[in-house]
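In: mind looking at a prediction? Sequence and model below.
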Amino acid sequence: MIAAMVVLTYTFVNNIEPAASPSGTTLAGGSTVTSGPETSTTTLPQELAAFMVTVDILENQAIEYGAEVDRINTDWDNRDAQFAETRTAFVDLAAEIEGWETDVALVSNIPPVLAASHAALLAEVSDLAPKMTDIIAGLDFDDDGTLRRAATAEFQAEIQQVLDAIETIRETARASVTPTTDADA
């Protein structure tokens with residue numbers, strides 16, 4: 001499903017007409033990113049712009065995984081869910097995250113300038129499934145929930161590292177293009 005979204009997004013971005021900048025000049029083959037309240041803009045080439053849409057999708061998915069772990073965990077803590085239901089939800093989510101790791105690894109059309117940042121993202125994403133295994137083990141352990149809560153906190157810390165890696169991709173993309181100002185136009 002993610003691959004289909006990426007292909008659809010890439011096709012859509014490649015078919016977008018060039019946008020007009022605020023000063024009325026046309027930006028050839030890319031989107032416009034305005035930096036702050038100034039009149040300075042940075043144009044991302046289509047290849048980077050298309051990949052950044054993929055990065056946005058990955059970011060949203062990571063945020064959703066973090067929220068889902070919190071929801072399942074909270075439902076169990078509040079006893080709004082039975083043990084079997086909670087365990088199944090965690091196991092299903094772990095399987096989904098493992099599939100997502102594969103999808104992130106199979107992302108294509110990675111601009112060369114972002115290849116290293118994508119590899120770093122993949123390394124962070126690959127740490128999520130083992131954290132899910134720890135959450136499940138904590139749920140199964142006969143204690144007051146301390147191990148499960150600790151594993152959940154570690155999972156959320158790993159989600160933050162995934163989001164940080166995504167931000168690094170954005171920073172690398174922005175740094176790879178030269179900003180222009182209205183005085184340059």
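Out: Received, thanks.

In: which residue lies nearest the spatial centre of this structure?
Out: In the chain, the residue lying closest to the centroid (C-alpha atoms, centre = their mean) is residue 59, at 2.1 Å.

In: output the contacting helices and strands for the helix or strand where residue 74 lies.
Out: Assigning secondary structure by DSSP states H and E places residue 74 in helix 46-77. For helix 46-77, the packing partners by 3 or more C-beta pairs under 8 Å, 6 or more residues apart in numbering; DSSP states H and E come out as helix 2-14, strand 30-34, helix 83-105, helix 128-140, helix 146-175. Where C-beta positions appear, they are placed from N, C-alpha and C, glycine not excepted.

In: same thing but at 6 Å, please
Out: If contacts are counted by 3 or more C-beta pairs under 6 Å, 6 or more residues apart in numbering; DSSP states H and E, helix 46-77 sits against helix 2-14, strand 30-34, helix 83-105, helix 146-175.

In: quick check: chain neighbours aside, which residue is closest to residue 69?
Out: Nearest residue to residue 69, sequence neighbours excluded (C-beta to C-beta, 6 or more residues apart in numbering): residue 155, at 5.5 Å.

In: and the pLDDT at the one you found?
Out: Here, the pLDDT recorded for residue 155 equals 98.

In: wait, isn't it in contact with residue 131?
Out: Yes - with contacts counted by C-beta atoms under 6 Å, residue 155 reaches residue 131, the gap being 4.1 Å.

In: before we move on, the earlier item: separation between the nearest residue to the residue nearest to the centre of the chain once chain neighbours are set aside and residue 114?
Out: Leaving aside its chain neighbours, residue 59 sits nearest to residue 166 (4.9 Å; criterion: C-beta to C-beta, 6+ apart). To residue 114, residue 166 is 11 Å away according to C-beta to C-beta, to the nearest Å.

In: one more: residue 90?
Out: Where residue 114 is concerned, residue 90 sits at a distance of 33 Å (C-beta to C-beta).
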